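Sequence and predicted structure below; questions after.
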Amino acid sequence: MDLSTTYLGLKLRTPLVPAASPLSEEVDSIKQMEDAGASAVVLYSLFEEQLRQDTAELARHLEHGTESFAEALTYFPEPESFRLGPEEYLKHIGKAKQAVHIPIIASLNGSSAGGWTQYAKAIQQAGADALELNIYYIPTDENLTSAQVEQTYLDILKSVKSVVTIPVAVKLSPFFTNFANMARRLDQAGANGLVLFNRFYQPDIDLESLEVKPNILLSTPMAMRVPLRWIALLYGKLRANLCATSGIHRASDALKMLMAGADVTMLCSALIRHGVRQISVVEQDLIAWMEEHEYESVSQLKGSLSQKNCAEPSAFERAQYMKAISQFPISK
């Protein structure tokens, strides 16, 4: 059975890739994911705020005491006293590359161009095979137009692409006025891949402490419906690879995404719930289904149920919505 696929110019053994998560914070865990069958690993995200904090901390250390006398500039703190979170991330990339044979994809999470450009270059120099830009952007300024929001995404991508030669994927949300147009513009701006979709973690209110608290809920297979729809609509229309994420827990979920047109499928919540060995379970079930239905390769089934290859394209549009509503069972 040929499960191979290509993503971001990387030849992968299978379309099963662990998404960015705390599971990749330890090199031993990355090795376990490789042993379980992961064809690549997306490292946990480094946040834009960490880069800003690191820069501010460094400036504070270097400037401390200079108001007393100029010679104080020679009394810099020892390097080990700095907070080097971002530097540790670069070291982690190097250690991961030495420990495993699968591609390592770094991840930057932010909402503005900021210091991403310089750090993206450092990530490439550290040995990352590719870079995922996780643009977690929730605009709340009522004066900000949709055009300005979209331009922010394009500016981030262009600034990063201008300084690196490794492939760059963009992970984004579906919340655009016309997502198809946004996907095309990102494709034209040089995105090598689109990761669909980011999940926004909504806060909750604690009624006892009367405080707003973070509330992380792991995904369920239902979350795959939105990326499934958009991948099916976009397949064959972009040069960029399409990566499916959110709600992929079982082989059946991965198969649906591949048939819609995904090049790879990323797992996260399933691995947190069941452990990294879940990768091998999904792979074996994937092979079993393909053998039963006489498929010989992933490329044979990829995009077979996309809008492009569907005899009735309207099934992916308004007609399917109307049909689903009209056939919904109502108890009497």
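Noted; the coordinates are in hand. Numbers count the residues shown, from 1 in each chain.

Just list the residues touching A126, thanks.
90-91, 93-94, 106 (Cβ atoms under 8 Å, 6 or more residues apart in numbering). Where C-beta positions appear, they are placed from N, C-alpha and C, glycine not excepted.

want to throw those into JSON lines with neighbour count and secondary structure?
Supplementary listing: those in JSON lines, determined by neighbours: other Cβ atoms under 10 Å; DSSP: H, G, I helix; E, B strand; the rest coil:
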{"residue": "L90", "neighbour count": "19", "secondary structure": "helix"}
{"residue": "K91", "neighbour count": "11", "secondary structure": "helix"}
{"residue": "I93", "neighbour count": "21", "secondary structure": "helix"}
{"residue": "G94", "neighbour count": "14", "secondary structure": "helix"}
{"residue": "A106", "neighbour count": "29", "secondary structure": "strand"}
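
farthest pair in these?
In the contacts of A126, the most distant members under the criterion Cβ to Cβ are K91 and A106, with 12.3 Å between them.

hey, C-alpha coordinates of the helix or strand hosting R185 in PDB?
Under DSSP states H and E, the secondary-structure element containing R185 is helix 179-188. Included here for helix 179-188 are C-alpha records, laid out as PDB according to Å, rounded to 0.1, in the frame of the first residue of the first chain:
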ATOM      1  CA  PHE A 179     -12.400  32.700   2.300                       C
ATOM      2  CA  ALA A 180     -11.900  31.400  -1.300                       C
ATOM      3  CA  ASN A 181     -10.500  34.800  -2.300                       C
ATOM      4  CA  MET A 182      -8.300  35.000   0.800                       C
ATOM      5  CA  ALA A 183      -6.900  31.500   0.000                       C
ATOM      6  CA  ARG A 184      -6.100  32.600  -3.600                       C
ATOM      7  CA  ARG A 185      -4.400  35.800  -2.400                       C
ATOM      8  CA  LEU A 186      -2.200  33.900   0.100                       C
ATOM      9  CA  ASP A 187      -1.400  31.400  -2.700                       C
ATOM     10  CA  GLN A 188      -0.400  34.200  -5.000                       C
END
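
The helix or strand that that helix is followed by packs against which elements?
Using DSSP H and E, the next helix or strand after helix 179-188 towards the C-terminus is strand 193-196. For strand 193-196, the elements it packs on are strand 168-172, helix 179-188, helix 225-234, strand 241-245, judged by 3 or more Cβ pairs under 8 Å, 6 or more residues apart in numbering; DSSP states H and E.

Adjacent strands (with direction) for the helix or strand following strand 193-196?
Reading on from strand 193-196 to the C-terminus, the next helix or strand found by DSSP H and E is strand 204-206. The pairing partners recorded for strand 204-206 under DSSP bridges are strand 211-213 (antiparallel).

average model confidence for the strand it pairs with?
Here strand 211-213 scores 80 as its mean pLDDT.

So what's the gap between that strand and the chain middle?
Using Cα atoms, centre = their mean, to the nearest Å, we find the averaged C-alpha position of strand 211-213 to lie 27 Å away from the chain's own average C-alpha position.

can you list the residues that contact that strand?
Strand 211-213 is touched from outside by 203-206, with contacts defined as Cβ under 8 Å, 6+ apart.

Who wins on neighbours among the residues you listed?
Going through the contacts of strand 211-213 with other Cβ atoms under 10 Å as the criterion, the one with the most neighbours is D204, at 13 neighbours.

that older thread, from the contacts of A126, which is closest to T177?
Nearest to T177 among the contacts of A126 is A106, at 30.4 Å by Cβ to Cβ.

Show me what that closest one is bridged to.
Using DSSP bridges, the bridge partners assigned to A106 are L131.
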